[in-house]
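Asker: Sequence below, structure please.
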Amino acid sequence: MQNGYLLGFIALYLLGTLAIGWWASRRVKTTADFVMAGKGLPMFMVACALFATWFGSETVLGAGSEFAEHGLLGVIEDPFGAALCLLLAGLLVARPLCHLKILTFNDFYRIRFGKTAELTSAVVMVPSYFSWIAAQIVALAIVLEAVSGMEREWGVLLCTTLVLLYTYVGGMWSVAITDFVQTIAIILGLLVLTVSMVMQVGGWGQMVAAAPPDFFQFFPDPEPGKVIHWFAAWMTIGLGSVPQQDVFQRVMAAKNVRSSVWACYASSFMYLSIAMMPLIICYCARLLYPELLEGDTQMIIPTMVLQHSGLAMQIFFFGALISAILSTCSGAMLAPATVIGENLVKPVFKNISDAQLLRIMRISLVGVALVTGMMALSRNNIFELVGESSAFSLVSLFVPLIAGLYWKKATGVGAIASMLTGLLVWFIANWGFPPLVESGQYSGGLLLALETPAIIWGLLASFLAMWIGSYWGKPESEALNKP
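Answerer: Model (predicted):
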């Protein structure tokens, strides 16, 4: 009976989300409305939308399980790296880009580096989202499986369809409004559960006293390998997600530059503080119900809530969890669809109307949903899926963006070389080095180099290619040489 009530609540919540999407669709008249909510959102709504960008399945399920198993050093990537990303977006990106009349990051690459750089960046950016979206769909399917026993495959199909529907009709207006409502649900739900769990453990003092040695260690031991991996964890999302379209769309949706910048700062603080709650919940679950660590660690919190709490607590938690995942997934689906329409399809046609472009973006959204839904059917690890997504953009798009904004000598040749070389080196290091390490034939400095995370090598290659390539030609535009 209790499960029936919970399922009824979840069904009502999902229907409410669709209703919000339908209501928001009345505001969508142009591509600017669909992509950036007409650039008229107040600071607090932009902050909520930015917070919701990263606060999804990885934070509640993936990072929580990593924290329960590996302690604080296991979650540097998220939430700490994700909060850093939002802070850097305000410090480095929001102010110079808000002055431009552009719909995507790739428009910036075109203005600064030329059409070839625009096309290259778009081809690189679109697939970088697939793993991220698939992670959110997997998480929603996990929730449905835990609550109702629905097979994960059917959960994936249902969740993909749901997110597609309300994003398709409302675009960024739908995303922004639902993000605001869902942020309130996230905070209330997690706060109630966190307080309850801490009280069950016996308070903060008891929590700290029961921790294993070095469980709350934040800085790595002073060994080269551990220090390198620690910095790589910070960079994966902290730098890699700065040049991502979903962040950009939310930043550019603000009504003015000041609102955009301060929304980034506010969302960074919100993320870092609120994301601590699922970590605390998972740690308390480890203390109270250690047997949960023997199964799928991504299911620690959902299983604990279902088995050891009442209906009210279940409603609070699953309302927060579904809110977090839906808000992340919708914006993530919209981002590559926007890039496909604006930067891959639009340049092929001459004199394309705004209405036609809007139609193309919506068709692209359907395509993105199909691809990511299929990925979700074949992959299950949320944390790995998210890491793949951020690493992809870090080694290809971060350096050209920052160089384009702040280095006068950066050229189109350098930007393209940076994108392609970074990706190539990352690919080689990611799939070519592990077999060499496993062979056991290497030691010392060479072994350390082989064990260095692939994103480090990709990022270094991207920097070097930008520097060398930028001396092979003059900048295509002088308009953006000054931030």
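Asker: so which helix or strand takes in the residue nearest to residue 159 when sequence neighbours are not counted?
Answerer: With Cβ to Cβ, 6 or more residues apart in numbering as the criterion, residue 159 has its nearest non-adjacent residue at 3.8 Å, and that residue is residue 140. (Glycine included, C-beta is placed from N, CA and C.) Assigned by DSSP states H and E, residue 140 belongs to helix 130-148.
Asker: so how far is that helix off the chain centroid?
Answerer: Averaging C-alpha positions (Cα atoms, centre = their mean, to the nearest Å) puts helix 130-148 14 Å from its chain's average.
Asker: Quick one: name whatever helix or strand follows it.
Answerer: Using DSSP H and E, the next helix or strand after helix 130-148 towards the C-terminus is helix 152-201.
Asker: rewinding a little: in the helix holding residue 140, what counts as buried?
Answerer: 130-147 (16 or more other Cβ atoms under 10 Å).
Asker: Repeat that for stretch 194-204.
Answerer: Across stretch 194-204, burial judged by 16+ other Cβ under 10 Å covers 194, 197, 198, 201.
Asker: The last one reaches residue 287, doesn't it?
Answerer: To tie it back to what came earlier, the one meant is residue 201. Yes - with contact defined as Cβ atoms under 8 Å, residue 201 and residue 287 form a contacting pair (5.6 Å).
Asker: Spell out which residues are contacts of both of those two.
Answerer: Common neighbours of residue 201 and residue 287, using Cβ atoms under 8 Å, 6 or more residues apart in numbering, are 207, 210.
Asker: picking that back up, among the buried residues of stretch 194-204, which one lies nearest to residue 323?
Answerer: The shortest gap between residue 323 and any of the buried residues of stretch 194-204 belongs to residue 194, at 15.7 Å (Cβ to Cβ).
Asker: Am I right that that closest one is in contact with residue 277?
Answerer: Yes - with contact defined as Cβ under 8 Å, residue 194 counts as touching residue 277 (4.5 Å).
Asker: Could you pull out the strands in the stretch 1-150 of the chain for me?
Answerer: According to DSSP state E, counting those that start in this stretch, the stretch 1-150 of the chain carries no segments that qualify as strands.
Asker: helices or strands next to whichever strand or helix holds residue 424 in the packing?
Answerer: Applying DSSP H and E as the criterion places residue 424 in helix 412-438. Using 3 or more Cβ pairs under 8 Å, 6 or more residues apart in numbering; DSSP states H and E as the contact criterion, the secondary-structure elements in contact with helix 412-438 are helix 105-113, helix 115-128, helix 382-394, helix 398-406, helix 444-451, helix 454-469.
Asker: any idea which of these scores lowest on pLDDT?
Answerer: Considering these one by one, the lowest average pLDDT is found for helix 382-394, at a mean of 66.
Asker: Give me the neighbour count for residue 370.
Answerer: Residues lying near residue 370 (other Cβ atoms under 10 Å) number 12.
Asker: let me redo that: residue 340
Answerer: Residue 340 sits with 22 neighbouring residues when counted by other Cβ under 10 Å.
Asker: Could you check the angle the helix holding residue 140 makes with helix 152-201?
Answerer: Regarding helix 130-148 and helix 152-201, their directions subtend 70 degrees when assessed with axes from the mean of the first three to the mean of the last three Cα atoms, to 10 degrees.
Asker: end-to-end on stretch 204-217?
Answerer: 17 Å (Cα to Cα, to the nearest Å).
Asker: again, but for stretch 79-90
Answerer: Using Cα to Cα, the gap from the first to the last residue of stretch 79-90 comes to 17 Å.
Asker: What of stretch 124-134?
Answerer: 17 Å.
Asker: from here on, count from 39
Answerer: In the new numbering, first residue 39, that becomes stretch 162-172.
Asker: Pull the residues that contact that stretch.
Answerer: Where contact means Cβ under 8 Å, 6+ apart, the residues beyond stretch 162-172 that reach it are 143-144, 281-284, 367, 370-371, 373-374, 377-378, 382, 406, 409-411, 413-414, 417, 423-424, 426-428, 430-431, 434-435, 457, 461.
Asker: Identify the residue spatially nearest to residue 298, adjacent ones excluded.
Answerer: What sits nearest to residue 298 in space, not counting adjacent residues and going by Cβ to Cβ, 6+ apart, is residue 292, at 3.8 Å.
Asker: swap in residue 188?
Answerer: If you skip the residues right next to it in sequence, residue 188 has residue 182 as its closest partner in space, 4.7 Å away by Cβ to Cβ, 6+ apart.
Asker: if I look at the one you found, how far off is residue 190?
Answerer: Computed with Cβ to Cβ, to the nearest Å, the distance linking residue 182 and residue 190 is 8 Å.
Asker: Give the rounded mean pLDDT of stretch 272-281.
Answerer: Taken as a whole, stretch 272-281 has an average pLDDT of 91.
Asker: now swap in stretch 230-239 and tell me
Answerer: Confidence over stretch 230-239 (mean pLDDT, whole number) is 88.
Asker: try stretch 98-108
Answerer: For stretch 98-108, the per-residue pLDDT averages 79.
Asker: how far does it sit from the chain's center?
Answerer: Using Cα atoms, centre = their mean, we find the averaged C-alpha position of stretch 98-108 to lie 16 Å away from the chain's own average C-alpha position.
Asker: again with stretch 355-365
Answerer: For stretch 355-365 - counting by Cα atoms, centre = their mean - the centre lies 15 Å from the chain centre.
Asker: what's in contact with that stretch?
Answerer: Counting contacts by Cβ under 8 Å, 6+ apart, the residues outside stretch 355-365 that touch it are 44, 47-48, 51-52, 55, 87, 90, 93-95, 97-99, 174, 177-178, 181, 185, 200-201, 213, 216-217, 219-221, 223-228, 231, 339-340, 343, 347.
Asker: Filter the residues you listed down to the buried ones.
Answerer: Of all the contacts of stretch 355-365 considered here, the ones buried according to neighbour count by 16+ other Cβ under 10 Å are 44, 47-48, 51-52, 55, 87, 90, 93-95, 97-99, 174, 177-178, 181, 185, 200-201, 213, 216-217, 220-221, 223-225, 227-228, 231, 339-340, 343, 347.
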